[in-house]
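*Asks:* return atomic coordinates for the entry below.
(chains A, B and C)
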Amino acid sequence: MPPLIRFENLTLGYERHPAIHHLNADIPAGALVAVVGPNGAGKSTLLKGLAGELRPIGGRIHLPDLPRGGIAYMPQRSEMDQSFPVSVFDMVAMGLWRELGPFGGLSRAQRHRVENAIEAVSLSGFEARQIGSLSGGQLQRARFARLILQDAPIILLDEPFAAIDARTVEDLVHLILHWHAEGRTVLTVVHDFEQVRRHFSTCLLLARELVAFGPTSLVMTDALLARARHLSEAFDENAPECHVAEAA
Amino acid sequence: MSLNELLFAPFADFGFMRRALAGCLALSFGATPVGVFLLLRRMSLMGDAMSHAILPGAALGYLAFGLSLGAMTIGGILAGLVVVFAAGLVTRASVLKEDASLAAFYLLSLAAGVMIVSLRGRNLDLLHVLFGSVLALDDQSLLLIASITSLTLFGLALLFRPLVLECFDPSFLRAVSRLSPVAHYGFLLLVVFNLVSGFHALGTLMAVGIMILPSAAARLWTRSLPAMLLFASLSALASSIAGLLFSFHADVPAGPAIVLMCGLVYFASLIAAPGGLLAGRLPSRKHLES
Amino acid sequence: MLSLSRITATLFATFALSTGAAHAAPIEVTASFSILGDMVREVGGDRVNVQTLVGPDEDTHGFQPRPSDSRRIGSAQLVVANGLGFDDWMIRLARSGGYTRPVVIASTGIDTLAKGAGDHDHDHDHDHGTGEGIDPHAWQDVGNALRYVNNIAAALIDADPAGADEYRANAERYSGQLKALDAEIHKALGSLPRERRKVVTSHAAFGYFAHAYNVEFLSPVGVSNNAEPTAKGVAQLIRQLRKEKVAAIFVENISDPRLSERISAESGAVMGGMLYSDALSTTAGPAPTYIAMMRHNLHTLMAALTSAPPAR
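*Replies:* All right, here's what the predicted structure looks like:
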């Protein structure tokens, strides 16, 4: 089966410094991949590149033809302005954008789906609350609910469990596994090795370069993890131009 | 003084009062909602910046057509659009945030305007000529504000969802829709139109005052956006009526009177509203079970 | 012996004397303000060199004399002032500058009017320098201007008897022009019906004009003092204009033309142009001489009064 996502000699970075250097990997459809690595390894950058927020400075990302919104991307939490007056229901309902467009009102069926999504993340009863009144864990659940409604074949999650209470984490992990069971391709940046080992069958170990990609048990070995840690975290201000040959 | 004399007679007897009221009505339902969004996007100071930014446009209009209000207003709108769009572009494409990029452009615009005016040799306070007064609304000005209000209501209704999303989660909007720039720039377009037509008809103080003060007050009372929009507009209208009557009976300038009334509402809200100063300090009622 | 050089010398001497006689050094005259200065020039012709202390478009009321003014007055051979409290500082200045001859009061002999005669209550915050309440703007009646001319001519003849003939001739010529002007004004304004001859103007300086030519000048209620018009002010003005059925209004301190338009539309009064009361304009303006000024005022009044809609 052809891979859904192919990274071809991919270099992604900021101001000519590569955060990801000459990455080659194929992600099969329906894979559930944990993206791991030390700080500064380029994990967020990889997801940003996949989501289209960052243009490659070298190489390519091969993706299937998807309509806009076909990749659902959840960045790290800092982006949303929680002080803005909008209710949980309205925020979650934005997940139906692809169907509604900018003007359409919600049909009864659609309203039900929003309510179901809210229920799926155990936020029933919170529909009318302002997003500003939610705790960190509750907001994260709401974002997941929105993601459910997006119904995207590819889902990218950047550190979805950072600073979240254990109970919420457990619930959200179940949701991810549910998506996997539905045949969606999910890439998740995870820090907790326990979680990775327990739930994620495939693992991508990054340290700005690809260290290893494959079944978790084979990738998450002490030797490989140590190697990843050794690779430099900081950008080298005086790095020379890279001479590794670009793929044809 | 009977109630009739106090409240209704001023408007019944004098055309200029009726026109002033009509102008304020239009502004309350066109400009004030735009002001709510400006406030929420932390762009409240934009009105002031804009009043300077339009100078080169007005100056070019003056150079080409002399003291023609129409030419200068159109020039002002164009200059405002250029500044706002350039600033918006810079914000989206560079590391500079909205305040820095807007400040940079409006300062440049003002400097350019001053130089253009000096080309004619005379030291003319163009902006003073350009800015109107609420008591002097001629047919042209009324038509202008009414049109802008209609355009604004239509635009806001059309852009409501993308605009809201663009305000609180722009990266999500970018991910799901191509409309992100439309929402962003469309909103800025409405801002410029409302500001410049407000300046033309009513002067800077009133135009900006009626956009921001009622919005700030509304923010203190409610956290629902539709409720905020309604509260802001209604309080703007009420303040306008009160201000006009105050100017009429107490012999004080009208524009400032209206803005001061908006200010009174704001201060009352600051003190009494749930989002205000006293809210956290008063002994609260018993909390709910859940 | 009549040598060539002697004849030439004599010829030169005679020549010099005769030219000297025809072009004697002009009399130095200092006038207090532009209108007087113009009149002195008309009567004095080439025989006088007139300095005016308060120039065109300047305000006599707030005038603060400078040391250079004092020096100028000191070297004058004749000092002319209006009197009636308009420019009392002129007399003080003359004394302090060392001018010993009497100051010519141009308004001597006219029938004065009290301040406020011809116009109703006004907020006149100018200080005319006297508590007597006499209106000093006597030149607004061209009939009085004739008296001014006579006084000026007499003073010039007194100061420079050699030029008496010239002064008399100039005065007569100028008086003729003034009489024609007076008749012109009478005729034009007389052609309007009584009810039409009612205007509002902010500067209460037209008492003599009102009296002489039968025009009623009212002070505007409400908008005279405020920098920014208030709703009450505008309403009062409109009420006044409607009630008095005023045909035209000349208010300089409503600077916003759109506001003037509104007031005009609601009251039926036509918004007129600018009336000159206390000073001439510069030569580039419409009122560089006294006669030009009075004509300009007349035309401005007529234009507004004839274009106003019929009185209701």
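*Asks:* tell me, what's the model's pLDDT at whatever residue of chain A ends up closest to chain B?
*Replies:* Residue nearest to chain B within chain A (CB to the nearest CB): A:Phe84, separated by 3.6 Å. (C-beta placed from N, C-alpha, C; glycine too.) For A:Phe84, the pLDDT comes out at 89.
*Asks:* tally of neighbours for whichever residue of the stretch 201-312 of chain C sits closest to chain A?
*Replies:* Residue nearest to chain A within the stretch 201-312 of chain C: C:Ala231 (36.0 Å; CB to the nearest CB). Around C:Ala231 there are 28 other residues, counting by other CB atoms under 10 Å in any protein chain shown.
*Asks:* show me the contacts for it.
*Replies:* Counting by CB atoms under 8 Å, 6 or more residues apart in numbering or on different chains, C:Ala231 touches B:10, B:16-17, B:20, B:135, B:244, B:247-248, B:254.
*Asks:* again, 7 Å this time
*Replies:* B:17, B:135, B:244, B:247-248, B:254 (CB atoms under 7 Å, 6 or more residues apart in numbering or on different chains).
*Asks:* grab the nearest non-local neighbour of the residue in the stretch 51-200 of chain B that chain A sits nearest to.
*Replies:* Going by CB to the nearest CB, chain A is nearest to B:Phe168 of the stretch 51-200 of chain B, at 3.6 Å. Closest residue to B:Phe168 apart from its sequence neighbours, by CB to CB, 6 or more residues apart in numbering or on different chains: A:Phe84 at 3.6 Å.
*Asks:* tell me the SS of that neighbour?
*Replies:* coil (DSSP: H, G, I helix; E, B strand; the rest coil).
*Asks:* that one - how many residues pack around it?
*Replies:* 19.
*Asks:* what does C:Ile238 give?
*Replies:* 24.
*Asks:* try C:Gly163
*Replies:* Neighbour tally, C:Gly163, other CB under 10 Å: 21.
*Asks:* can you say which of the contacts of C:Ala231 are buried?
*Replies:* Using 16 or more other CB atoms under 10 Å in any protein chain shown as the burial test, the contacts of C:Ala231 include B:17, B:135, B:244, B:247-248, B:254 as buried.
*Asks:* including pLDDT, could those residues go into a markdown table?
*Replies:* Formatted as a markdown table, the buried ones among the contacts of C:Ala231 follow (pLDDT from 0 to 100):
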| residue | pLDDT |
| --- | --- |
| B:Met17 | 93 |
| B:Leu135 | 87 |
| B:Leu244 | 94 |
| B:Ser247 | 91 |
| B:Phe248 | 93 |
| B:Ala254 | 88 |
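*Asks:* quick check: A:Ala223 vs C:Arg239, distance?
*Replies:* 97 Å (CB to CB, to the nearest Å).
*Asks:* of the two, which one has the most company?
*Replies:* Ranked by neighbour count (other CB under 10 Å), A:Ala223 and C:Arg239 place C:Arg239 first, with 16 against 8.
*Asks:* list the contacts for the residue nearest to B:Phe168?
*Replies:* B:40, B:167-168.
*Asks:* isn't C:Tyr213 right up against C:Ala188?
*Replies:* No: using CB atoms under 7 Å, C:Tyr213 makes no contact with C:Ala188, being 8.9 Å away.
*Asks:* which of the two has more neighbours?
*Replies:* Ranked by neighbour count (other CB under 10 Å), C:Tyr213 and C:Ala188 place C:Tyr213 first, with 21 against 16.
*Asks:* ok, that one - contacts?
*Replies:* Taking CB under 7 Å, 6+ apart as the test, what C:Tyr213 contacts is C:185-186, C:189.
*Asks:* now with 6 Å, please.
*Replies:* C:185, C:189 (CB atoms under 6 Å, 6 or more residues apart in numbering or on different chains).
*Asks:* so what does C:Val80 have for phi and psi?
*Replies:* phi -120, psi 130 (degrees, to the nearest 10).
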